[in-house]
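Chemist: I'd like to go over a predicted model; first the sequence, then the structure.
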Amino acid sequence: MATRPHNVGIKALEIYFPAQCVDQVELEKFDGVAAGKYTIGLGQTKMSFCDDREDIYSIALTTLSSLIKKYKIDLQNIGRLEVGTETMLDKSKSVKSVLMQLFEESGNHNVEGIDTVNACFGGTNAVFNAINWVESSAWDGRDAIVVAGDIALYNKGNARPTGGAGCVAMLIGPDAPLVFEPGLRGSHVEHAYDFYKPDLTSEYPYVDGQFSLQCYTKAVDKCYAAYNAREKAVKAQQLNGHANGHAADHEAAAGTAGTAGTPLDRFDYMAFHAPTCKLVSKSYARLLYNDFLADPQNAAFADVAPELRELEYQASLTDRNVEKAFMGLTKKRFAARVQPAIQVATQCGNMYCGSVYGGLVGLVANIAPDTLQGKRLGVFSYGSGLASALFSLKVVGDTSEMAKQLDLHRRLDARKVVAPQVYDEMCLLREKAHLQKNFTPAGSIDDIVPGTYYLTAVDDMFRRKYAVKDAQGDCHGHNVLSSRLIDGILGRKGKPKENGSAVVTETPRSKPDSPGTLPDGRHAKTDGDRGLSYVPPNKLGKLGAKLGMR
């Protein structure tokens, strides 16, 4: 391009989460655990979930199609589409290739990008790829789109309340209101068997729980140090007149957060990858601990026990005195600067690749546009295995249209809260659907909101067929079909009854072996079905007839 793009960042933002959720207070009762274990101990309020009607293809299609529709995006003007996910339906075919069906009518197939996979970090790597492309000599003047999301289905046991589901789509290009600060990134990547999925026939991971929590905390430390070092280098380049494009559009050093005088205060707001909301609060406190180690004489640390500076590094990762002291010091900061970013996480659970961008959604939805103007947003992203990064954005434009289109509070409140028994049944449906072909899903579509893509069938070659729910709702009388299928799939006998959003029967609760559990809630899943066949809305009538639907 003849001119360098300016203010490269997020131009539009959309989020999707399923229409049903379970209340964590009720889940505590159902699981027979102490009151507050999930709500206080993990910081979770509700949890989104999918039955066998939704998968990574469907939620990505739903999110991307909604972004396109709400912002009236001309798909001819999209030159790159990237996907970040760890929810694998196929060992070869990418989610991005599935999404390209939405481009067919436009005739635009000249679209770079593909999937990125590394636990919860894939979404951030996809974002970096998109930003790098727009800032590179390969850029052709068009915008990019990134889709980041996952479905977390957990076995019964300690990990089940740390599930979740959701997806975020972002339009990325120049002249954006949310601008990625050029050059200001700090990354940490290393080999670690903290959480991994070597068994492709299983939905669950192998995990070293305590080690994984330490890996996350260590990544916070290392990324913060790398970001600080990079910021100093960028400032030095600017002073010497050799910025080389890095942070040239923005002041690299100053946030507007306040007067406490620690480096953490340069971030007016922060968003973190959120396995649980409690881990987010601990991680924010950890950043201030790093400031203390760098400058213990700062007046902000007058009441901190000096011996905390003498701890061995490895010991500091799990030291309760460190945690308590700095969570206390950051309590007010956290409430003002981070709490708005965890609304999605506490209400929906862990979206894995979409989690940290759900944090950005929360900031845009909860902070008034006038208040956000000129503010710096710090973002920490983490994926087990491990890969992590700390980067920052500046708000340089109006975010009111984003907040309006997100409509976050109404959409969260509109979800159907179902009984834990229903959630249990839906988890069983997904387990039974794993790796199946010649399969018809059993979940009800009654509560799926209009515009949502959902699975209708998997054929004998694992090709998946989808439909879109219209404003009137299609496939009437589907609950009758669902009740029969649920009984057949789960091998149950007895009279079905209505309970929550699906037709279920009362059955004894099984007690399968629980998989490995992370103390921070990270746990994994894989939808095992393979293949794809997309069914446009105008072809739904024929498909519905074949499936016995009206």
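Modeler: Structure's in. What do you need?
Chemist: Quick check: longest strand in the protein by residues?
Modeler: Criterion DSSP state E: the longest strand present in the chain is strand 178-189.
Chemist: next structured bit after it?
Modeler: strand 195-196 (DSSP states H and E).
Chemist: Sheet partners, orientation included, of that next one?
Modeler: For strand 195-196, the paired strands and their directions (DSSP bridges) read strand 206-207 (antiparallel).
Chemist: model confidence over the strand it pairs with, on average?
Modeler: Averaging pLDDT along strand 206-207 yields 79.
Chemist: Identify, among the helices and strands of the chain, the element with the weakest mean pLDDT.
Modeler: strand 502-504 (a mean of 28; mean pLDDT, DSSP states H and E).
Chemist: So which residues of the stretch 1-150 of the chain form strands?
Modeler: Secondary structure of the stretch 1-150 of the chain, counting by DSSP state E, counting those that start in this stretch: strands at 9-16, 20-23, 46-48, 78-84, 115-116, 143-152.
Chemist: Output these in TSV, with mean pLDDT appended to each entry.
Modeler: Below are these laid out as TSV (pLDDT from 0 to 100):
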stretch	mean pLDDT
strand 9-16	99
strand 20-23	97
strand 46-48	98
strand 78-84	99
strand 115-116	98
strand 143-152	97
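Chemist: Tell me how many other residues crowd Asp370.
Modeler: Look at Asp370: counted by other C-beta atoms under 10 Å, it has 9 neighbours. No exception for glycine: its C-beta is placed from N, CA and C like everyone else's.
Chemist: Distance from the helix or strand containing it to the middle of the chain?
Modeler: Using DSSP H and E, Asp370 sits within helix 369-372. Distance of helix 369-372 from its chain centroid, counting by C-alpha atoms, centre = their mean, to the nearest Å, is 24 Å.
Chemist: and it, C-alpha only, in PDB?
Modeler: Extracted in PDB, the C-alpha atoms of helix 369-372 (Å, rounded to 0.1, in the frame of the first residue of the first chain):
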ATOM      1  CA  PRO A 369     -17.900   5.700  26.000                       C
ATOM      2  CA  ASP A 370     -16.900   9.200  27.300                       C
ATOM      3  CA  THR A 371     -15.100   7.600  30.200                       C
ATOM      4  CA  LEU A 372     -13.300   5.200  27.900                       C
END
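Chemist: can you give me the mean pLDDT across that helix?
Modeler: 98.
Chemist: Flag every buried residue along that helix.
Modeler: Neighbour-count burial for helix 369-372 flags 369, 372 (criterion: 16 or more other C-beta atoms under 10 Å).
Chemist: cool, and stretch 346-359?
Modeler: Quick answer for stretch 346-359 (16+ other C-beta under 10 Å): 346-359.
Chemist: Show the end-to-end separation of that stretch, please.
Modeler: 10 Å (C-alpha to C-alpha, to the nearest Å).
Chemist: could you point out which element follows the helix holding Asp370?
Modeler: Scanning onward from helix 369-372 (DSSP H and E), the first element met is strand 376-383.
Chemist: That next one versus strand 143-152: what angle between them?
Modeler: 50 degrees (axes from the mean of the first three to the mean of the last three C-alpha atoms, to 10 degrees).
Chemist: Which residues outside strand 376-383 are in contact with it?
Modeler: For strand 376-383, the external contacting residues (C-beta atoms under 8 Å, 6 or more residues apart in numbering) are 86, 118-124, 178, 181, 216, 219-220, 223, 255-257, 266-273, 283, 353, 356, 359-360, 363, 388-395.
Chemist: and the helix or strand just after that strand, how far from the chain's centre?
Modeler: Using DSSP H and E, the next helix or strand after strand 376-383 towards the C-terminus is strand 387-395. Centroid separation between strand 387-395 and its chain, computed with C-alpha atoms, centre = their mean, is 15 Å.
Chemist: cool, stretch 278-294 as well?
Modeler: Between the centre of stretch 278-294 and the centre of its chain there are 22 Å (C-alpha atoms, centre = their mean).
Chemist: Could you do stretch 179-188 as well?
Modeler: Put simply, stretch 179-188 sits 20 Å off its chain's centre (C-alpha atoms, centre = their mean).
Chemist: List phi and psi for the most centrally placed residue in the chain.
Modeler: In the chain, the residue lying closest to the centroid (C-alpha atoms, centre = their mean) is Gly354, at 1.9 Å. Reported as degrees, to the nearest 10, the phi and psi values for Gly354 are phi -90, psi -10.
Chemist: Tabulate the strands of the stretch 1-150 of the chain (TSV), appending distance to His409 and mean neighbour count.
Modeler: Output for the strands of the stretch 1-150 of the chain, formatted as TSV (distance: least, C-beta to C-beta, whole Å; neighbours: other C-beta atoms under 10 Å):
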stretch	distance to His409	mean neighbour count
strand 9-16	12	26
strand 20-23	15	24
strand 46-48	13	24
strand 78-84	26	26
strand 115-116	31	23
strand 143-152	20	28
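Chemist: of all those strands, which lies closest to Lys469?
Modeler: Nearest of these to Lys469, taken as C-beta to C-beta: strand 9-16 at 13.0 Å.
Chemist: list the helices and strands the longest helix seen in the chain packs on?
Modeler: As assigned by DSSP state H, the longest helix anywhere in the chain is helix 209-239. Here helix 209-239 touches strand 178-189, helix 277-294, strand 376-383, strand 387-395, going by 3 or more C-beta pairs under 8 Å, 6 or more residues apart in numbering; DSSP states H and E.
Chemist: now with 6 Å?
Modeler: Helices and strands touching helix 209-239, by 3 or more C-beta pairs under 6 Å, 6 or more residues apart in numbering; DSSP states H and E, are strand 178-189, helix 277-294, strand 387-395.
Chemist: Tell me which helix or strand comes right after the second one.
Modeler: Okay, so that is helix 277-294. Taking DSSP H and E, what comes next after helix 277-294 is helix 313-316.
Chemist: average pLDDT for that next one?
Modeler: Mean predicted lDDT for helix 313-316 stands at 96.
Chemist: CA atoms of that helix as PDB?
Modeler: C-alpha atoms of helix 313-316 as PDB (Å, rounded to 0.1, in the frame of the first residue of the first chain):
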ATOM      1  CA  TYR A 313      10.800 -17.000  43.300                       C
ATOM      2  CA  GLN A 314       9.300 -20.500  43.200                       C
ATOM      3  CA  ALA A 315       8.000 -20.100  46.700                       C
ATOM      4  CA  SER A 316       6.400 -16.800  45.800                       C
END
